[in-house]
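Asks: Fold the following for me, if possible:
(2 chains)
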Amino acid sequence: MQNLYKIRLFFSSVVFILAILGITGIFYPVKIFDIQFAPLLQRIIVDFSLVAIILFLTLITITLIFGRIYCSLLCPFGIFQEIISLISRKRNKYLKNIYIKYFITAIATGTLIGGSVVILRYIEPYTYFTSACTLSKTGIIAIVAVILIVILSGRFFCTNICPVGTILGIISKFSIFRIYINKEECLSCGTCERNCPSGCINADEEFINNENCIKCLKCINLCPKNAIQYGIKPKENIKFNLQRRKLITASAAIIVLAAAFKTGMGIMNNAAKKIKNVILPPGAINEQHLFNKCLNCNLCINACPNGVIKKADDKFGAIHIDYENRGYCKFDCIECSKVCPSGAIKKISLSDKQNLRIAMAVVDSEKCMNCGLCVLECPMKAITKKNDGTSVIDPTKCIGCGACTAVCNFNAINIFAVNEQKII
Amino acid sequence: MKRRDFILSSLLAVCGTTLLTGCRKKEIIKAQGQVAKRKFHNLEIPLLGFGLMRLPMINSKIDMIELDKMVEYAMSHGANYFDTAYMYVDSESENAAGKILSNYDRKSYFLADKSPVIHMRKKEDIHRIFQEQLKKCRTDYFDFYMVHNINRITFDTYRNLDMFNELMKYKEEGKIKYLGFSFHGTPEMLKEVAPEHPWDFAQLQINYFDWDIINAKEQYDIVQKENIPVIVMEPLRGGGLCQLSDKALSVINGMNPPQTPASLGLRWAASRNNVITVLSGMSNLKQMKENIATFENYSPVSEEEELAAKEIVKIIQEQGEINCTACKYCLEVCPKNINIPAAFSVYNNYKKNNESSFFAMYYSTIDENQRPDKCIKCNLCNTNCPQGLNIPKLLSKVDQTYKDILSKKST
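Replies: Numbering: from 1, shown residues only, chains lettered A, B, ... in the order given. As a prediction, the model looks like this:
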């Protein structure tokens, strides 16, 4: 049994290293972010992709069988917290369930299903991890806060705030494999309770709360009597015991969920009503779609070979393209669409991308010196030189990649955002 | 009989009857007044055709109930010519036509559709879109089929893809009864297009405004020389000739028999001898009743009316309006979704009566994201404008007018 903990540690560190390499764009062959919970859910909502549904159901099934192992094995933010807790060895205590987490989850998932991710993306561990790695504001704030939380009370975030953890926790209540204390062997020494990061072991009453247990298997490793087991719990006569408080909480959470669903629809329709005139990566359709579906994980920013994708800023609340410093969108590249796990940037084929208008170039005839550099550079051959020497753009061919502005020495070509990306 | 059997059989019976009644075609009850007809080959074509481009709308969706009523009214009065196209009403017009017309016997109406040249990249596209159109219209043949909107942009595509001969294949199969083209180019181009192939008909923009001022007369003469019958589109310039200023209205006020701007325009167009039918894009039942009444007791325009039309043209020209017919082809391509037709119509209304306060009021009804000042001057709209307008230039004119009025107000 003790080996299980070491195996788990090994896999977790592999996942963590893969995640770090992936987010920095160094090495990303195993799409570790494609199997994260929130992006998967988002992808199902965005385009009902079959792959996402299968992966999502697999995650649910795994949780139903093994419990919340996702939190300790696949969630990079969870593994990060574990690393922090290695440094600060703090004694922990059993912690009762805090009901607020159900409402947080109801609000976040309700708005997500309603159509807008704007709330979820600020309390979601996957986004926290990736945006912290890319030094975004939210990520840094979150990481500082979570480090404090970890030092104070272990995995409090995972067990009592994180909406993903809450959903998985509810599922793992019914899991087949669970951690239990063999009451005949237990000495009630309290080693496990002191070391449990999620505060779910009550050593006095020899009881483990499997909803909050993240299956880190630490207790199994530490128990001097090997009294803690991971497996199918021997049957006990558990009375069906639905307390009134639980019932009220559950129904209130469902009401909140419904209200949040409605709010989410409202946000989706109104959030990007005022058009911000930002250029979006190919596949993002329009500002409203991207704003409501992007988790701001910044994965595409590191994937973009030309580095034209910029972080969310005051101008636009999700990632967007900025052609400053002679950047442009590479013609034969769909890295951002390949890498996006949430479907905010839809998967498009290369030939579609090459015919997808993401912006529009317009020559400022007063500034143009007729050097003809852009004519050579345009991948669509949309710019031609007229007989009198002036360059003209054929608007029916321009896809707004910005290659022409990148070479123009006179700032004579302006790139304007389009309201909706269209295949021409 | 067991109870279960009874329930099952009665359910089956209900299903059967509903299916049967659903399948039955609507009968056309002939009304007393019938619209005038013109002969075309061995067919009797109504002089008034129903253009399905400016359909009744509710919350930016087609109002099917109103459309159903309109089609029923038109059918019962013998106006059984329907003209749709791939691009009309955001590609929804064909669906609506198919849904409503499939209630009637296919032989009881004429359906015209068009092949969108602007969407063609290769030859397969022609066939793909044709099949799509048959499916959308729920029919297996088109009575009239056109190469849509030949103009200076589409001319090369139409020629390079050899669209006439591609579409002739369908004519030989009987999927197209008559093959023609709709045209928005210059007379010089028409001189090349018209004699090029044995066209059955041509669809031209003819109305008393375009006749002398633009080049409708020239186009009509070229086609007549080739002995190609004409179908008239935009007889009222997209409603522009219906909304006349008070000054222009005074010209037709005292006429005998009494005329409305619409009846004058339609009758004027129908009075050209070579015309088979005049298409009107009616958008509610009221307009339809008015237009059908015009053609129930149709008589060609008198000399007095011809002169009146010329007078109106003069007045409109003095007002300096924009020649937009609100066909909305520009909306299809505009990357900034600027509501070009709305902006132009607001401007034209202003030019009609010079009421600057109304201008500001109507202008403010246009969505802020869709106002002329959002124009980036990419000129994409110009490539799609059948009227050949320089839209970005005109938009900046409208924008300037708005700003002038605002600054005047504040001072």
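
Asks: Can you name the residues that contact the nearest residue to residue A:143 once chain neighbours are set aside?
Replies: Ranked by CB to CB, 6 or more residues apart in numbering or on different chains and with sequence neighbours excluded, the top spatial neighbour of residue A:143 is residue A:132, at 4.4 Å. Glycine gets a C-beta too; all of them are placed from N, C-alpha and C. Contact analysis of residue A:132 by CB atoms under 8 Å, 6 or more residues apart in numbering or on different chains lists A:139-140, A:142-143.

Asks: Measure how buried the closest residue to residue A:265 other than its chain neighbours is and give me the count.
Replies: Distances taken as CB to CB, 6+ apart place residue A:114 nearest to residue A:265, at 4.4 Å, with adjacent residues excluded. Applying other CB atoms under 10 Å in any protein chain shown, we find 23 other residues in the vicinity of residue A:114.

Asks: Repeat that for the one 4 residues further on.
Replies: Number of residues near residue A:118 (other CB under 10 Å) recorded here: 20.

Asks: go on, residue A:419?
Replies: 18.

Asks: Quickly note the distance from it to chain B.
Replies: Distance from residue A:419 to chain B, counting by CB to the nearest CB, to the nearest Å: 5 Å.

Asks: is it true that the residue nearest to residue A:265 touches residue A:268?
Replies: Yes - counting by CB atoms under 8 Å, residue A:114 touches residue A:268, with 6.7 Å between them.

Asks: From chain B, how far off is the nearest residue to residue A:136 once chain neighbours are set aside?
Replies: Spatially, and ignoring its direct neighbours in sequence, residue A:136 is nearest to residue A:311 (5.6 Å; CB to CB, 6+ apart). From residue A:311 over to chain B the distance is 25 Å, taken as CB to the nearest CB.

Asks: Spatially nearest residue to residue A:16 (excluding sequence neighbours)?
Replies: Closest residue in space to residue A:16, ignoring its immediate chain neighbours: residue A:79 at 4.4 Å, by CB to CB, 6+ apart.

Asks: Could you say which helix or strand holds residue A:252?
Replies: helix A:244-270 (DSSP states H and E).

Asks: I'd like to know how many residues surround residue A:107.
Replies: For residue A:107, using other CB under 10 Å, the count is 22.

Asks: List the contacts of it.
Replies: Neighbour list for residue A:107: A:119, A:256-257, A:260 [criterion: CB under 8 Å, 6+ apart].

Asks: Among the residues you listed, which one lies nearest to chain B?
Replies: residue A:119 (25.3 Å; CB to the nearest CB).

Asks: For that closest one, give me phi and psi.
Replies: Dihedral angles of residue A:119 (phi, psi; degrees, to the nearest 10) stand at phi -90, psi -50.

Asks: How about residue B:40?
Replies: According to degrees, to the nearest 10, residue B:40 has phi -140, psi 110.

Asks: where in the chain is pLDDT low?
Replies: In the absence of a named chain, this looks at chain A. A:1-2, A:89, A:235-242, A:272 (pLDDT under 70).

Asks: was after chain B, sorry
Replies: B:1, B:18-24.

Asks: Now do the strands in it.
Replies: Counting by DSSP state E, one finds strands in chain B at the ranges B:37-40, B:43-46, B:48-51, B:57-58, B:61-62, B:81-83, B:110-116, B:142-150, B:176-183, B:201-205, B:230-233, B:275-280.

Asks: Put together TSV for the ones you listed, with mean neighbour count and distance to chain A on each row.
Replies: Putting the strands of chain B into TSV (neighbours: other CB atoms under 10 Å in any protein chain shown; distance: least, CB to the nearest CB, whole Å) gives the following:
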stretch	mean neighbour count	distance to chain A
strand B:37-40	16	36
strand B:43-46	17	36
strand B:48-51	27	26
strand B:57-58	12	19
strand B:61-62	16	16
strand B:81-83	26	27
strand B:110-116	25	14
strand B:142-150	25	15
strand B:176-183	23	20
strand B:201-205	25	23
strand B:230-233	25	24
strand B:275-280	26	28
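
Asks: mind putting the ones you listed in CSV, distance to residue B:96 included?
Replies: Below are those laid out as CSV (distance: least, CB to CB, whole Å):
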stretch, distance to residue B:96
strand B:37-40, 25
strand B:43-46, 20
strand B:48-51, 12
strand B:57-58, 11
strand B:61-62, 5
strand B:81-83, 10
strand B:110-116, 12
strand B:142-150, 16
strand B:176-183, 20
strand B:201-205, 20
strand B:230-233, 19
strand B:275-280, 16
